[in-house]
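> please work out how this folds:
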Amino acid sequence: MSNWQLTQLTHGSAERAYHAHSYYDIRVFDTTSRYIAAHRTHFAERPPTADDRIEIGIIDLDKDGEWKTIGSSTAWSWQQGPMAQWVPGRAQLVWNDREGRRFVTRLHDMDTGQTRTLPQPTYAIDPSGGFGMSLNMARLDAVRPGYGYVGGRGAQLRSRHSRRDGVWRQNLDDGKTELVLSLHRAVRFLYAQLGVRTSLRYRLNHYRYWFNHVKLSPDGTRFTVKLRFRGTGKNSGWNDTMGVSLTCGADGKDLRLLSNATSHVIWLDNQSLYLWRVDGFYLYEDAAPKGRVLRQIAPESLGKNAHVRYFPGSEDRFVYDTPYQETIDLLIYDETEHTALPIAQFGNHDPKNGPYRCDLHPCPSPDGQKIVVTSLADGGRQLYLLKREPTD
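This is a model prediction of the structure:
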């Protein structure tokens, strides 16, 4: 029997007031595990346009899920939201927004109520709270709708792998930015790792490349990023095998190839990452020049791709969902006991696929006692909290 209590945090589906949290691999809980960063929309049945403004807010768990609006944004997507997240060690919230056709970061200080603007959008934040990593969200929207942001400029679609585009590092205090890994350098490195025959095939296919899913290691010294590609023709398709995961120093040095055909990659510790690849979840060592498989994770339970998050401070216990179906289960797996414990089930997830489906994206809190998800269970996107109850 599960000792996790389920509560619906937000409401309003009947009035078309929908709520969600951003992507599952960022800090949607603050350091104290009391506040959740979220956003509110008023439609759900179509892709967003550049004119669709959403509310940015926080949910106070000590006040029965009270909502407080902090700001707004016109830079967001169904799958990743505005990437609203907490700055580690600070009472500060960041989210992405748009000024004209330029994507920016808003940094809000909860103590002073002041909001500053930084010149690049933010994807991931250094665990020490000093800097963030940024990607070209306009290019991402153009080549992979549903993940980037509409209404921006700078997609650079004429270039298949630009020297002036890539992964940026942005100082959160003064806004100074630096291009630490260009698309051009990443692609050249990939060609060298693939070998002559395979790299020649890639060149002849004239793939267009882009970055997505940049994530920093727990000590902030390295990041991983997805390098994806697709053909440039009008009818060029795309699938999950068309991409690789790279790792790199946060200073742009020591570039490595983790693996190809990866999905849902997250750091477990400073030396290893877990990810879905082809037929299961695997733990990989961040080795040079290529990653090395350490072991398969829960092969008897994780037979399909999912959103997996290890609990903070744990290397053998994680929460995962069963996405891409109308009824989604949420489970906790214990690798020591080799047990999968169902803790909740969420129905009504229609559409189950497509660019504006609703994934649970389970996020555990820093204290390991809470999990937040976004679900369509009541007919619209709303936040739900699972709280661990004390056992006798």
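> hang on, isn't Arg160 packed against Trp210?
No - with contact defined as CB atoms under 8 Å, Arg160 does not reach Trp210; the gap is 9.8 Å. Where C-beta positions appear, they are placed from N, C-alpha and C, glycine not excepted.
> contacts only, for the residue nearest to Asp329 when sequence neighbours are not counted.
Sequence neighbours aside, Thr322 is the residue nearest to Asp329 in space, at 4.7 Å (criterion: CB to CB, 6 or more residues apart in numbering). By CB atoms under 8 Å, 6 or more residues apart in numbering, the contact list for Thr322 reads 304, 306, 328-329, 331.
> cool, Asn171 as well?
By CB under 8 Å, 6+ apart, Asn171 lies in contact with 130-131, 177.
> show me what it is bridged to.
For Asn171, the beta-bridge partners are Phe131 (DSSP bridges).
> what's the spacing between the closest residue in space to Pro323 that isn't next to it in sequence and Tyr209?
Once flanking residues are discounted, Pro323 sits nearest to Asp359: 5.0 Å by CB to CB, 6+ apart. Distance from Asp359 to Tyr209, counting by CB to CB, to the nearest Å: 25 Å.
> same question for Glu55.
34 Å.
> out of those two, which sits in the more crowded spot?
For Glu55 versus Tyr209, neighbours defined as other CB atoms under 10 Å are more numerous around Tyr209 (23 against 17).
> report the buried residues of stretch 10-18.
10, 12-13, 17-18 (16 or more other CB atoms under 10 Å).
> and those, which is closest to Ile36?
Nearest to Ile36, judged by CB to CB, of the buried residues of stretch 10-18 is Thr10 at 9.7 Å.
> thought the closest one was touching His21?
No - look at Thr10 against His21 with CB under 8 Å: they stay out of range, at 10.0 Å.
> which SS state does the residue nearest to Pro323 fall under?
coil (DSSP: H, G, I helix; E, B strand; the rest coil).
> which residues does it contact?
Counting by CB under 8 Å, 6+ apart, Asp359 touches 24, 79, 307, 321, 323, 374.
> most neighbours among those, which one?
Among the contacts of Asp359, Thr374 has the most neighbours (other CB under 10 Å), with 27 neighbours.
> so which elements touch whichever helix or strand it is part of?
Element membership for Thr374, per DSSP states H and E: strand 370-375. Applying 3 or more CB pairs under 8 Å, 6 or more residues apart in numbering; DSSP states H and E, one finds that strand 370-375 contacts strand 328-334, strand 339-346, strand 363-364, strand 382-388.
> sorry, back to before: and the residue nearest to Pro323, how far is that from Ala298?
From Asp359 to Ala298 the distance is 20 Å (CB to CB).
> quick check: the gap between the residue nearest to Thr232 when sequence neighbours are not counted and Arg101.
Among residues not flanking Thr232 along the chain, Arg208 sits closest, at 5.1 Å (CB to CB, 6+ apart). Distance, Arg208 to Arg101, using CB to CB: 21 Å.
> could you do Ser159 as well?
From Ser159 to Arg101 the distance is 18 Å (CB to CB).
> try Asn305
The value you get for Asn305 to Arg101, if CB to CB is used, is 34 Å.
> more neighbours, the two?
For Asn305 and Arg101, the more surrounded residue by other CB under 10 Å is Asn305, and the numbers stand at 18 against 11.
> residues in contact with the nearest residue to that one once chain neighbours are set aside?
For Asn305, ignoring the flanking residues on the chain, the nearest one in space by CB to CB, 6+ apart is Trp276 at 4.6 Å. Applying CB under 8 Å, 6+ apart to Trp276 gives the contacts 262-264, 282, 305-306, 308.
> with pLDDT, distance to Thr224 and secondary structure added, can I get the residues you listed in TSV?
As requested, the contacts of Trp276 are exported to TSV (pLDDT from 0 to 100; distance: CB to CB, whole Å; DSSP: H, G, I helix; E, B strand; the rest coil):
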residue	pLDDT	distance to Thr224	secondary structure
Thr262	96	9	strand
Ser263	96	12	strand
His264	97	11	strand
Tyr282	98	14	strand
Asn305	96	17	coil
Ala306	97	18	coil
Val308	98	15	strand
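> of those residues, grab the buried ones for PyMOL.
Buried members of the contacts of Trp276, defined by 16+ other CB under 10 Å, are picked up in PyMOL with:
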select buried, resi 262+263+264+282+305+306+308
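> just the closest of the contacts of Trp276 to Gln382, please.
Using CB to CB, Ala306 is the member of the contacts of Trp276 that lies nearest Gln382, at 21.1 Å.
> hang on, the closest one packs against Val319?
No - with contact defined as CB under 8 Å, Ala306 does not reach Val319; the gap is 9.9 Å.
> helix, strand, or coil at Gly237?
Following three-state DSSP, Gly237 is assigned to coil.
> surely it touches Arg230?
Yes - using CB under 8 Å, Gly237 is in contact with Arg230, at 7.4 Å.
> in terms of neighbours, single out the busier of those two.
Set Gly237 next to Arg230 and count neighbours by other CB under 10 Å: Arg230 wins out with 18 against 8.
> where's that one relative to Asp51, distance?
Taking CB to CB, one finds Arg230 at 28 Å from Asp51.
> same deal with Gly220?
37 Å.
> which one of these two has more residues nearby?
Neighbours were tallied for Gly220 and for Asp51 using other CB under 10 Å; the higher tally belongs to Gly220 (19 against 8).
> in terms of helices and strands, where is the more buried one?
Here Gly220 is assigned to no helix or strand, by DSSP H and E.
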